[in-house]
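Visitor: no FASTA, just this:
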């Protein structure tokens, strides 16, 4: 999953994400795109940098906890006993996670999301868990 956050405020971020398989077997695949919001609690969600002519002060929380809604769509390829099939689904759900900042611009992020997927031929629950790196541009 690749996620790009924008509109970074102290208590919330908006983001776009793309999910695709790195390795997939024959007859399987999940390609998705989504937009969502991260609402931060028990910590601020962004760096605060204050500069004057002689000094720079950077306030960066060590732990950042967040949760929020997500909507998107996906293209799913799956196999049944009869044939290989595919479907386009609409997803709506929520997620939560934590980011531990290791350095000024780097952090380790873990996230769990649950979504309801509604398609033409399929209806399902999508559960995603991820661990990754977070970098401030």
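Guide: Okay, I see it. Remember, it's a predicted structure, so these values are computed and weren't measured experimentally. Numbering: from 1, shown residues only.
Visitor: which stretches of the chain form helices?
Guide: For the chain, helices defined by DSSP state H do not occur.
Visitor: List the contacts of the residue nearest in space to the middle of it.
Guide: Centroid-nearest residue in the chain: residue 3, 5.4 Å away (criterion: Cα atoms, centre = their mean). Residue 3 makes contact with 15-17, according to Cβ atoms under 8 Å, 6 or more residues apart in numbering. Just so you know, the C-beta spots here come from the backbone N, C-alpha and C atoms, and that holds for glycine as well.
Visitor: quick one: contacts for residue 6?
Guide: Contacts of residue 6 by Cβ under 8 Å, 6+ apart are 13-16.
Visitor: redo that, cut-off 6 Å
Guide: residue 14 (Cβ atoms under 6 Å, 6 or more residues apart in numbering).
Visitor: What pLDDT is listed against it?
Guide: What the model reports as pLDDT for residue 6 is 88.
Visitor: Next, find the distance separating the nearest residue to residue 86 once chain neighbours are set aside from residue 28.
Guide: The shortest distance from residue 86 to any non-neighbouring residue, by Cβ to Cβ, 6 or more residues apart in numbering, is to residue 77 (4.8 Å). From residue 77 across to residue 28, the span is 6 Å (Cβ to Cβ, to the nearest Å).
Visitor: Give me the more crowded residue out of the two.
Guide: Ranked by neighbour count (other Cβ atoms under 10 Å), residue 77 and residue 28 place residue 77 first, with 16 against 12.
Visitor: Hmm, the more buried one is touching residue 29, no?
Guide: Yes - applying Cβ atoms under 6 Å, one finds residue 77 in contact with residue 29, separated by 3.9 Å.
Visitor: Run a quick neighbour tally on the residue lying closest to residue 72 once chain neighbours are set aside.
Guide: What sits nearest to residue 72 in space, not counting adjacent residues and going by Cβ to Cβ, 6+ apart, is residue 34, at 2.8 Å. Using other Cβ under 10 Å, residue 34 has 22 neighbouring residues.
Visitor: Across the sheet, point out what pairs with residue 34.
Guide: Under DSSP bridges, the beta-bridge partners of residue 34 are residue 17, residue 72.
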